[in-house]
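In: Just a sequence and a predicted model for now, questions to come.
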Amino acid sequence: MRIGLLGGTFDPPHVAHLAVAEAAFRQLGLEAVWLVPAGSPWQKEGTVVTPAQDRWGMTLAAVEGIPYMEGDDREVVRPGPTYTFDTVSGLADHEVTLILGADAASRIASWHRSAELQEMVSIAVAPRPGVDPDTVEEAVITRVKWLDVPQLDISGTDLRERAMAGRSLRFLVPEGVWRYIDARGLYR
């Protein structure tokens with residue numbers, strides 16, 4: 001099966017995540033795109049991260065009703081730090097395309113077992129405001145497939161700050177995610 005993996009903290013998952021997943025699905029001929037929230041994101045050590053179960057619940061809400069997108073909880077249920085290498089290693093029976101924003105792709109060399117990981121996957125990259133494509137091309141050791149997707153300048157950090165200031169996240173996150181955040185009082 002040809003799948004795209006879009007991983008991240010998803011704190012919260014937002015419309016830019018879905019736009020990138022949609023672009024990858026359509027442009028790369030994938031059979032499905034899996035959104036994989038990091039259980040214990042090692043690169044976020046020392047920062048406050050919403051509990052994994054809430055980020056998992058929001059991820060499920062984000063993909064609800066989209067038949068070719070699904071949430072995958074393997075990193076949420078796996079104990080210890082979350083490494084993409086371990087996730088991809090468990091998918092040997094799939095042809096995996098790792099879907100990254102340019103900001104993440106530019107830092108891929110710092111990832112756990114990065115060179116081995118890159119040999120196991122294809123890499124698709126969505127442009128991000130302020131990230132030079134040459135930086136990405138230098139960091140990724142395999143060929144980069146650039147996605148044609150609008151650059152939506154939305155980040156989880158900005159969304160959390162908006163919510164903490166009492167401002168609405170509606171239409172910046174999928175409707176189900178907005179309802180989940182509101183019902184649980186997240187980011188207040």
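Out: Looks like it arrived, so ask away.

In: CA atoms for contacts and neighbours, from now on please.
Out: Will do.

In: tell me, how many neighbours does the nearest residue to residue 173 once chain neighbours are set aside end up with?
Out: Leaving aside its sequence neighbours, residue 173 sits nearest to residue 14 (CA to CA, 6 or more residues apart in numbering; 4.1 Å). Close neighbours of residue 14, defined as other CA atoms under 10 Å, add up to 25.

In: repeat for the one 4 residues further on
Out: Using other CA under 10 Å, residue 18 has 19 neighbouring residues.

In: what about the strands in this structure?
Out: 2-8, 32-37, 69-71, 95-101, 122-126, 144-146 (DSSP state E).

In: Could you spell out the sheet neighbours of the fourth one, each with its direction?
Out: In its sheet, strand 95-101 lies beside strand 2-8 (parallel), strand 122-126 (parallel), with partners assigned from DSSP bridges.

In: Identify the residues contacting the shortest one?
Out: It stands for strand 122-126. 20, 24, 96-102, 105, 142-149 (CA atoms under 8 Å, 6 or more residues apart in numbering).

In: For that strand, output the C-alpha coordinates as CSV.
Out: Provided in CSV are the C-alpha atoms of strand 122-126 (Å, rounded to 0.1, in the frame of the first residue of the first chain):
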residue,chain,number,x,y,z
SER,A,122,10.3,8.9,-0.2
ILE,A,123,10.2,12.5,1.1
ALA,A,124,7.6,15.1,0.1
VAL,A,125,8.0,18.6,1.3
ALA,A,126,5.5,21.5,1.6
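
In: Just checking the distance from that strand to the centre of its chain.
Out: From the chain centre to the centre of strand 122-126 is a distance of 12 Å (CA atoms, centre = their mean, to the nearest Å).

In: which parts of it are buried?
Out: 122-126 (16 or more other CA atoms under 10 Å).

In: List just the nearest of those to residue 187.
Out: Nearest to residue 187 among the buried residues of strand 122-126 is residue 126, at 26.9 Å by CA to CA.

In: pLDDT below threshold where in the chain?
Out: 42-46 (pLDDT under 70).

In: can you point me to the longest helix in the protein?
Out: helix 15-28 (DSSP state H).

In: Many thanks, have a good one.
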